[in-house]
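1. sequence plus the predicted model coming up.
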Amino acid sequence: MTLVLAAHGSRDPRFDVTARRVADAVRMALPGVRVELAYLDLTAPLLGDVLSELSGEVVVVPLLFGDGYHSKVDLPALIDAAVVANPSVRVTQTPIVGRYSPIPALVDRLDEAGFGAGDGVLMLAVGSSDAGSDDSIYERGRELSGVLGCEVQTLFATRLGRDGDAVRLAVDALQSRGVQRVAVSPLFLSAGLLTDRVERFLDALDVPVVVAGPIAEHPSLVSAVTRMWAAVPVAVG
C-alpha cells in the first residue's frame with residue numbers, strides 16, 4: 001500500500017523543496033510505508049503521472065489547509081481520470097490535512113520569528129470560491145487569536161486588490177487596536193509568490209513587520225498526515 005501526498009504545486013521552486021522535506025518527514029514517521037509526492041498543477045511529478053506508475057491500494061492525502069475547489073472538485077477529478085487510465089490502482093482520498101488544527105505550527109513559527117508583546121498577527125491564507133472553506137480559515141484566525149491573546153487579522157493572499165488595498169486595510173485594523181508591530185503568519189505549506197507579494201505590499205506601507213516561516217514539515221503537519229493515513233481502513237488492514 002502506498003501513501004501519496006498531494007500538494008497544489010507552484011511556479012516557485014521553493015515550494016517543491018519544502019514539499020520534499022515534508023515527504024521526507026512523513027517517511028521518517030511511517031517507516032516501512034511507501035510515500036510518494038505528487039502535485040495537482042504547475043510542478044512535476046503531477047498526480048496523474050504518479051498514479052499511473054502505481055498499483056494496488058493507494059491513499060492520497062491532500063496537503064491543503066482550505067477545503068474548497070481543489071479538494072472537492074479538482075483532486076477527485078484527477079484521481080478519477082487516473083483510475084480510468086490505470087485500473088490496477090485503487091485510490092482513497094482522505095480529508096485535507098487542514099482538518100487537524102495547524103495552530104500549534106503557526107504558534108511555533110511565530111515564536112521562532114521573535115513574536116512578542118505588542119505584536120498583532122496578520123494570518124495569510126489562500127482564498128476559495130467555497131464560502132465554507134473561507135469560513136474555516138476565519139475560524140483558524142479566531143483560534144490563533146485565542147491562543148496568542150492578541151489581535152489577529154485574516155488576509156486571503158489571493159485577494160489583495162490591484163494595489164494591495166486589502167493589505168493596507170488589514171494593517172489599519174491591527175494598528176487601530178494599538179498593535180505596535182505586524183507579525184505575518186502564513187497558513188501556507190511553503191513560502192512562494194503569494195506570500196512574497198504580501199511582503200512587498202507591507203514593505204511599501206513602511207510599518208514594523210516580522211515574518212514567520214511557513215508551516216513546512218512542522219511536527220503537527222506530519223502528525224496530521226499520519227492520522228489521516230491511520231484513519232483509512234485499507235491503510236491499516
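-> Done, it's in. Predicted model only: the values in this text are computed from it and were never measured. Numbering: from 1, shown residues only.

2. and stretch 151-170, C-alpha only, in CSV?
-> C-alpha atoms of stretch 151-170 as CSV (Å, rounded to 0.1, in the frame of the first residue of the first chain):
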residue,chain,number,x,y,z
GLU,A,151,-5.4,40.7,17.7
VAL,A,152,-5.4,38.5,14.5
GLN,A,153,-6.5,39.7,11.1
THR,A,154,-7.0,37.1,8.4
LEU,A,155,-5.9,38.0,4.9
PHE,A,156,-6.5,36.0,1.8
ALA,A,157,-3.4,36.3,-0.3
THR,A,158,-5.3,35.6,-3.4
ARG,A,159,-7.5,38.7,-2.9
LEU,A,160,-5.2,41.6,-2.2
GLY,A,161,-6.7,44.0,-4.7
ARG,A,162,-4.8,45.6,-7.6
ASP,A,163,-2.8,48.0,-5.3
GLY,A,164,-2.8,45.8,-2.2
ASP,A,165,-5.7,47.6,-0.7
ALA,A,166,-6.6,44.5,1.4
VAL,A,167,-3.2,44.6,3.0
ARG,A,168,-3.5,48.2,4.0
LEU,A,169,-7.0,47.7,5.4
ALA,A,170,-5.8,44.7,7.5
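
3. return the set of buried residues in it.
-> Neighbour counts over stretch 151-170 (16 or more other Cβ atoms under 10 Å) mark 151-157, 160, 164, 166-168, 170 as buried. From N, CA and C alone the C-beta is placed, and that goes for glycine too.

4. ok, now which ones touch the nearest residue to residue 12 once chain neighbours are set aside?
-> Distances taken as Cβ to Cβ, 6 or more residues apart in numbering place residue 192 nearest to residue 12, at 4.2 Å, with adjacent residues excluded. By Cβ atoms under 8 Å, 6 or more residues apart in numbering, residue 192 lies in contact with 10, 12, 14, 15.

5. check residue 166 too.
-> By Cβ under 8 Å, 6+ apart, the residues touching residue 166 are 155, 156, 159, 160.

6. please narrow these to those residing in helices.
-> Per DSSP state H, helices hold no members of the contacts of residue 166.

7. of those residues, closest to residue 68?
-> residue 156 (11.2 Å; Cβ to Cβ).

8. contacting residues around that closest one?
-> So residue 156 contacts 124, 125, 126, 127, 134, 137, 166 (Cβ under 8 Å, 6+ apart).

9. that older thread, make CSV from the contacts of residue 166 and add distance to residue 35 and pLDDT to it.
-> Output for the contacts of residue 166, formatted as CSV (distance: Cβ to Cβ, whole Å; pLDDT from 0 to 100):
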residue, distance to residue 35, pLDDT
155, 33, 97
156, 31, 97
159, 34, 94
160, 35, 94
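
10. closest one of these to residue 211?
-> Closest to residue 211, out of all of the contacts of residue 166 and judged by Cβ to Cβ, is residue 155, at 13.1 Å.

11. look up how far residue 52 lies from the closest one.
-> 38 Å (Cβ to Cβ, to the nearest Å).
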